[in-house]
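> Have a look at this prediction, sequence included:
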Amino acid sequence: MTAQALVLLVAAVTAWLVAALVGPRVFHEHLDHRGDLTSDNLVRHAEEAYVSANVIAVSLALLAAVVTALAVSVYLNRRIGRTITATSDAAALLAAGSYRTRVEAPRLGPEFEQLAQAFNAMAGRLEGTETTRRRLIADVAHEMRTPLATLEGYLEAMEDGVVQPDPATLAVLRAQTARLTRLASDMSAVSKAEEGRIELSWHSVDPVEVAQSAVTAAVEAYASKGVSLTLDTDPPLPPLRADPERLAQVLGNLLENALRHTPPGGAVAVTARAGGSQQVELVVADDGEGIAAEHLPHIFERLYRADAARDRQHGGSGIGLAIVKAIVEAHGGHVSALSEGRGQGTRITVHLPIEDASARRAAVGGGTTRA
Ligand SMILES: Nc1ncnc2c1ncn2[C@@H]1O[C@H](COP(=O)(O)OP(=O)(O)OP(=O)(O)O)[C@@H](O)[C@H]1O
Ligand SMILES: [Mg+2]
């Protein structure tokens, strides 16, 4: 406001000086050049008329300019002030834990739009983290209840002498504590993954090698259940830019699921193949239990189990596929599931961008080691 007023004052003084000093002199010279104006009276009258016309014109123009400039700057000051107040109020609400707080687009030009967008992005991120945190606590509490109830039941029964602490009882207790331990580590892994805090160590990775070593690691478990495991690759495949350990974790989880849900005598096939010009697909297909259509869209959700009672008995916490999804997405890929229904087998496909495509993306996005 002060700066605007100063500019106006300088403009007014300059206009006034020009009108009062320069204008009349120029007018006077013009009259002088016309030699036929003889009456002094007439000349004086004309000059006075010129000066008063000047004064009126300049005064009116200055008045209009001052009023308009003041109105515009009051309006702008108010709007900017309102936007800043709204943003600082929103920041205070956010700090107090209202993560749904957002600011409206101020329509005050690109810088203010950017400020509002950055603020809303920050609030969205905080809200996401908070939601994850709450769900995590609720999920963990829910998952802990069953093993804790079993442990408590057995301990009470032992205190009452109804159950003896024999190897069978101890095995039950151990299984429950093992489940709790696994739950704890899985939950921390998945919340890290879902919040995008997976540390990836990027390498140039041969997809065939990754598939090969995942199959080799699983061979023993498959053999002891009597499920056949085959590897079908389609070389040469372009290299991936990926974290090989994380990819091993992805395939390990998928192979564990396939084994769990395929009865003895069944078959599981791992395939590594090109998927279009920019992608490689890693497929784990089994001919086991399959997944009913109503469950299929949910299996990548954390703690989701198609057959909760039975899957829990199998020892699963319903976290494996959530981790798979988070890791694959951190690599810039995606994962999809296909099953014709119960008893029809399941096919999980991991789509990963090849190294060239990732390099191009990293160049555009600046490249990062954190996903
Ligand atoms: N190959 C498969 N065949 C049939 N159902 C499957 C298959 N893979 C996953 N599912 C279903 O999807 C659910 C979620 O799988 P996910 O790997 O996330 O959890 P989980 O295997 O039960 O537990 P965890 O992986 O944490 O040990 C499983 O409980 C199961 O019902
Ligand atoms: Mg699993």
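Nice, thanks for sending it over. Model, not experiment: these values are computed from the prediction. Ligands and ions are numbered 1, 2, ... in the order given.

> from memory F119 sits against T87, does it?
Yes: contact criterion Cβ atoms under 8 Å: F119 and T87 qualify, at 6.2 Å. For glycine as for every other residue, the C-beta is placed from the backbone atoms N, C-alpha and C.

> Now for those two: what residues contact both?
Applying Cβ atoms under 8 Å, 6 or more residues apart in numbering, one finds that F119 and T87 are jointly contacted by V103.

> what's the closest non-adjacent residue to whichever residue of the stretch 251-371 of the chain sits closest to ligand 2?
Per Cβ to the ion, G320 is where the stretch 251-371 of the chain lies closest to ligand 2, at 2.7 Å. Nearest non-adjacent residue to G320, counting by Cβ to Cβ, 6 or more residues apart in numbering: N253, 4.1 Å away.

> Next up, phi/psi of the one you found, please.
Note on N253: backbone dihedrals following degrees, to the nearest 10 are phi -60, psi -40.

> and what of G161?
phi 80, psi 10.

> Likewise for L303?
Dihedral angles (degrees, to the nearest 10) for L303: phi 70, psi 10.

> ok, how many other residues are close to it?
Residues lying near L303 (other Cβ atoms under 10 Å) number 21.

> And the residue nearest the centre of the chain, how far from ligand 1?
In the chain, the residue lying closest to the centroid (Cα atoms, centre = their mean) is R125, at 6.6 Å. R125 is 25 Å from ligand 1, where distance means Cβ to the nearest ligand atom, to the nearest Å.

> pretty sure that residue is in a strand, no?
No: checked against DSSP: H, G, I helix; E, B strand; the rest coil, R125 lies outside a strand; its state is helix.

> residues contacting A149?
Contacts of A149 (Cβ under 8 Å, 6+ apart): none.

> what's in contact with stretch 61-75?
Residues from elsewhere that reach stretch 61-75 (Cβ under 8 Å, 6+ apart): 1, 4-5, 8, 11-12, 15-16.

> That stretch: which residues count as buried?
L62 (16 or more other Cβ atoms under 10 Å).

> could you pull out the strands for the stretch 101-250 of the chain?
203-205, 228-233, 240-242 (DSSP state E, counting those that start in this stretch).

> possible to save those as TSV with distance to V219?
Formatted as TSV, the strands of the stretch 101-250 of the chain follow (distance: least, Cβ to Cβ, whole Å):
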stretch	distance to V219
strand 203-205	21
strand 228-233	6
strand 240-242	23
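
> Relative to ligand 2, which of these is closest?
strand 228-233 (16.4 Å).

> near ligand 1, anything from the closest one?
No: using Cβ under 6 Å from any ligand atom, strand 228-233 never reaches ligand 1; the gap is at least 13.0 Å.

> so how far is that strand from its chain's centroid?
36 Å (Cα atoms, centre = their mean, to the nearest Å).

> which residues in the stretch 151-300 of the chain form helices?
Secondary structure of the stretch 151-300 of the chain (DSSP state H, counting those that start in this stretch): helices at 167-194, 207-225, 244-260.

> what's the most buried one of these?
helix 244-260 (a mean of 21; mean count of other Cβ atoms under 10 Å).

> Now do that helix against strand 228-233, angle only.
Interaxial angle, helix 244-260 versus strand 228-233 (axes from the mean of the first three to the mean of the last three Cα atoms, to 10 degrees): 140 degrees.

> From the contact counts, what lies against helix 244-260?
strand 203-205, helix 207-225, strand 267-274, strand 279-286, helix 320-330, strand 346-353 (3 or more Cβ pairs under 8 Å, 6 or more residues apart in numbering; DSSP states H and E).
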